[in-house]
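Visitor: From the sequence below, what's the structure:
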Amino acid sequence: MRLGLALGYWGAAPSPHFLDLAVEAERLGYDSVWTAEAWGSDAFTPLTWIAARTSRIKLGTGIAQMAARTPTATAMHAMTLDHLSGGRMLLGLGLSGPQVVEGWYGRPFPRSPLTAVREYVDVVRQVFRREKPVTLDGAYHPLPYPGADGTGLGKPLKPILHPLRPDLPVLLGAEGPKNIAQTVRIADGWLPLYFSPTADGSGLYAEPLAAARPGFTVAPLVQARVCEDVAEGLAPIQAMLGFYIGGMGARGRNFHADLMARMGYEAEARRIQELFLDGRQAEAVATVPAAFADEISLVGPRERIADRLAAWHASPVTDLLLTARDPLTLRTLAELVL
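Guide: Below you'll find the predicted structure:
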């Protein structure tokens, strides 16, 4: 397995240590560093700063939200950073959910998410290949724009910039079974938000991943912390899960809650959501099972983490994208995995 550093997105202000962590990860032999975006910091700008201070580590958006940019604009960002970094860009994309797409970006959430994602990736790859002017007869991302409210003067265009890599990797964040199956067909890799190496044995991921071609990347986000007290180490993970499962979605449509339910915790997922949406956030967090938080993370003393890594090695995972925020955890995982 390879290791990646997942820096996520910023809170109220930039993290003062994100650049130092990325530099240390490269020194330790990590393969990649990833940034994210929600409704604050963007995913591409921090990677540019990291690219300027590093020379080898790959630079991934994990994830860039599709609603934030047209597919051609996203392709421009990726090609530009790929040139500036000497070919280190990894383009991770995700659809996000209705609350963010409609509430923050002011765009309708697609009635057919699979079609919207497929069209987006199609356009991005056309830009990367630069074989001919980009066109798409699509429902969500048509080019040129065909709407009656336009001028009708739209012209198919080919990017001025020659891509450094026409096959620049595209990875997708996907949670539902159909989304994962499509990801295997159209992308170079999958970025799971929650991944349990034990759940793979139950067939949750086995069927879609069986169709993956050689070299397909499976790179889950894994909360990691080296500490003596396991319960203490799991507490912030449970808090994060309470927020995502309880509040990152509407009562009847929360992709994170649905995923937790499919992973064997349906009653708990629905209770967490009910409590959170009723304004009882502390109770929602307290309802998150420690077993679930533990299943999708690597927390505890060095020896415990070493034992738990065996299940990850036996799974289809190719890369662990670690959320570590301290040099000790970064170094320990490098020693154990690399």
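Visitor: then the helix or strand containing residue 182 to PDB, C-alphas only?
Guide: Using DSSP states H and E, residue 182 maps to helix 177-186. C-alpha atoms of helix 177-186 as PDB (Å, rounded to 0.1, in the frame of the first residue of the first chain):
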ATOM      1  CA  PRO A 177     -23.400   1.000  -5.000                       C
ATOM      2  CA  LYS A 178     -24.400   2.300  -8.500                       C
ATOM      3  CA  ASN A 179     -22.000   5.200  -8.100                       C
ATOM      4  CA  ILE A 180     -19.200   2.900  -7.200                       C
ATOM      5  CA  ALA A 181     -19.900   0.600 -10.100                       C
ATOM      6  CA  GLN A 182     -19.900   3.600 -12.500                       C
ATOM      7  CA  THR A 183     -16.600   4.900 -10.900                       C
ATOM      8  CA  VAL A 184     -14.900   1.600 -11.700                       C
ATOM      9  CA  ARG A 185     -16.000   2.000 -15.400                       C
ATOM     10  CA  ILE A 186     -15.200   5.700 -16.000                       C
END
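Visitor: quick one: the strands in the stretch 151-300 of the chain?
Guide: Secondary structure of the stretch 151-300 of the chain (DSSP state E, counting those that start in this stretch): strands located at 170-172, 189-190, 217-218, 221-226, 297-300.
Visitor: burial measure for residue 148, as a count.
Guide: 5 (other CB atoms under 10 Å). For the C-beta atoms, the positions are set from N, CA and C on the backbone; glycine is no exception.
Visitor: on that earlier part again, out of the strands of the stretch 151-300 of the chain, flag the one nearest residue 41.
Guide: Residue 41 lies closest, by CB to CB, to one member of those: strand 221-226, at 17.0 Å.
Visitor: partners of the closest one in the sheet?
Guide: Using DSSP bridges, the strands paired with strand 221-226 in its sheet are strand 297-300 (parallel), strand 319-322 (parallel).
Visitor: out of these, which comes closest to residue 218?
Guide: Comparing the strands paired with strand 221-226 by their distance to residue 218 (CB to CB), the top pick is strand 319-322, with 7.3 Å.
Visitor: Mind putting the strands of the stretch 151-300 of the chain into a markdown table with distance to residue 1?
Guide: Converted to a markdown table, those look like this (distance: least, CB to CB, whole Å):
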| stretch | distance to residue 1 |
| --- | --- |
| strand 170-172 | 16 |
| strand 189-190 | 14 |
| strand 217-218 | 10 |
| strand 221-226 | 11 |
| strand 297-300 | 12 |
